[in-house]
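Asks: whatever this is, show me its structure:
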Amino acid sequence: MKKVTFLLISVSLLISANLLADEPNVIMQRESGGELTLAIGLATAGNIQVDWGDGVLVSGAAGTTNATANITGTVTGTNTIKLYGAITTLQVTNSSSTTLITSVDVSNAPALVKFIFPRNKLTAVDLSHNPLVRTISIYNNLLDACAMDAFFNSLQTITNAGSITMYNNPCGITSTISIATSKGWTITSGTSGNGTGCVAAINRVKENQGINVGYSDHNLLITSTNISGEFELYLMTLNGLKIAQKTIEVNSDGKNAVQLGNLSAGMYFVNLKAKNKNLVSKFIVQ
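Replies: Numbers count the residues shown, from 1 in each chain. Coordinates of the predicted model:
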């Protein structure tokens with residue numbers, strides 16, 4: 001009986017190991033089929049396995065982290081590309097404007113160092129399982145402010161150089177860049193973010209900030225309960241367009257009126273910034 005039990009356990013472990021080995025390290029979804037070139041790097045140049053969407057694995061020669069090699073194939077079937085290998089650099093090099101990558105799952109790619117997906121249609125990026133990533137390029141995608149904030153939150157805190165290129169996403173300048181910079185990351189290309197874009201985040205923050213904002217007779221009315229001093233005021237539309245910026249003095253003993261002129265009906269965000277404070281609230285003009 002002991003021999004039979006040992007044999008069953010051994011077979012079970014072998015099956016589990018084979019199933020684990022069959023899990024792709026990267027999964028990408030493309031809008032439609034057609035030729036696609038990936039630039040792939042490994043710690044040491046070698047081969048990876050690629051499933052271009054038809055369930056058939058083919059070998060491709062990958063380069064190194066800093067000297068990638070192109071692997072080209074024809075996306076077909078489910079249009080889901082699966083990569084097998086300890087990939088350190090992952091880059092889409094010729095995803096055409098009509099057949100873009102819409103999602104990428106790298107949760108099983110712990111060796112990843114460079115994540116380069118510009119000019120695609122990504123709406124979310126999660127790098128919480130990639131502690132070695134230091135180069136990220138996601139400009140010209142479809143990440144709104146909440147998606148960008150979620151991406152920033154997924155990043156590891158680092159002590160050595162890490163860069164993010166993220167311009168030309170719907171988040172504009174309204175994502176919370178400070179989430180990333182506080183973790184040691186550098187945002188390239190001069191992109192800035194004031195944290196006003198994610199409505200869900202604003203709703204969470206507003207409850208404890210001690211400010212309420214209203215609008216009446218062309219004046220912005222700021223009621224403060226526990227803040228005072230000089231602040232820089234930014235008035236933003238729902239889409240992140242800055243329409244006013246003023247230096248104001250906030251008093252904690254009542255309403256502070258700021259003349260703005262006529263505002264069209266809609267929702268607006270107010271961002272008050274001082275040296276050690278960054279406060280956000282919202283109001284609606286009927």
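Asks: show me where the stretch 51-200 of the chain has strands.
Replies: 57-64, 69-75, 80-84, 87-92, 101-105, 114-116, 135-137, 163-165, 186-187 (DSSP state E, counting those that start in this stretch).
Asks: elements contacting the third one?
Replies: The one in question is strand 80-84. Here strand 80-84 touches strand 26-30, strand 34-42, strand 46-51, going by 3 or more C-beta pairs under 8 Å, 6 or more residues apart in numbering; DSSP states H and E. Every C-beta, even on glycine, is put in place using the N, C-alpha and C of the backbone.
Asks: of the ones you listed, which is nearest S281?
Replies: Closest approach to S281 among the helices and strands packed on strand 80-84 is made by strand 26-30 (37.9 Å; C-beta to C-beta).
Asks: what lines up beside that closest one in the sheet?
Replies: Using DSSP bridges, the strands paired with strand 26-30 in its sheet are strand 80-84 (antiparallel), strand 101-105 (antiparallel).
Asks: hmm, who's touching it?
Replies: For strand 26-30, contacts defined as C-beta atoms under 8 Å, 6 or more residues apart in numbering pick out 36, 75, 79-83, 87, 90, 92, 95, 99-106, 108-109.
Asks: quick one: which of the strands paired with strand 26-30 is nearest K255?
Replies: strand 101-105 (47.2 Å).
Asks: by how many degrees do that closest one and strand 34-42 diverge?
Replies: Here the directions of strand 101-105 and strand 34-42 differ by 30 degrees (axes from the mean of the first three to the mean of the last three C-alpha atoms, to 10 degrees).
Asks: how about residues contacting strand 101-105?
Replies: By C-beta under 8 Å, 6+ apart, the residues outside strand 101-105 that reach it are 26-31, 90, 92, 95, 117, 120-126.
Asks: what about burial for the residues you listed, which qualify?
Replies: Burial by neighbour count, judged by 16 or more other C-beta atoms under 10 Å, picks out 26-31, 90, 92, 95, 117, 120-122, 124-126 from the contacts of strand 101-105.
Asks: confidence-wise, which of those comes last?
Replies: In this model, the minimum pLDDT among the buried ones among the contacts of strand 101-105 belongs to S95 (56).
Asks: got any ranges where the stretch 101-250 of the chain has weak pLDDT?
Replies: The model of the stretch 101-250 of the chain has pLDDT under 70 over residues 190-192, 194-197, 199-210, 238-241.
Asks: sorry, back to before: check the strands of the stretch 51-200 of the chain for me and report the most buried one.
Replies: strand 87-92 (a mean of 22; mean count of other C-beta atoms under 10 Å).
Asks: which helices and strands does that one pack with?
Replies: strand 26-30, strand 34-42, strand 57-64, strand 114-116.
Asks: kindly recompute the last result at 10 Å.
Replies: strand 26-30, strand 34-42, strand 57-64, strand 101-105, strand 114-116, strand 135-137 (3 or more C-beta pairs under 10 Å, 6 or more residues apart in numbering; DSSP states H and E).
Asks: give the contact list for the residue lying closest to P131 once chain neighbours are set aside.
Replies: The shortest distance from P131 to any non-neighbouring residue, by C-beta to C-beta, 6 or more residues apart in numbering, is to Q156 (5.0 Å). The neighbours of Q156, taking C-beta atoms under 10 Å, 6 or more residues apart in numbering as the test, are 127-134, 162, 183-185.
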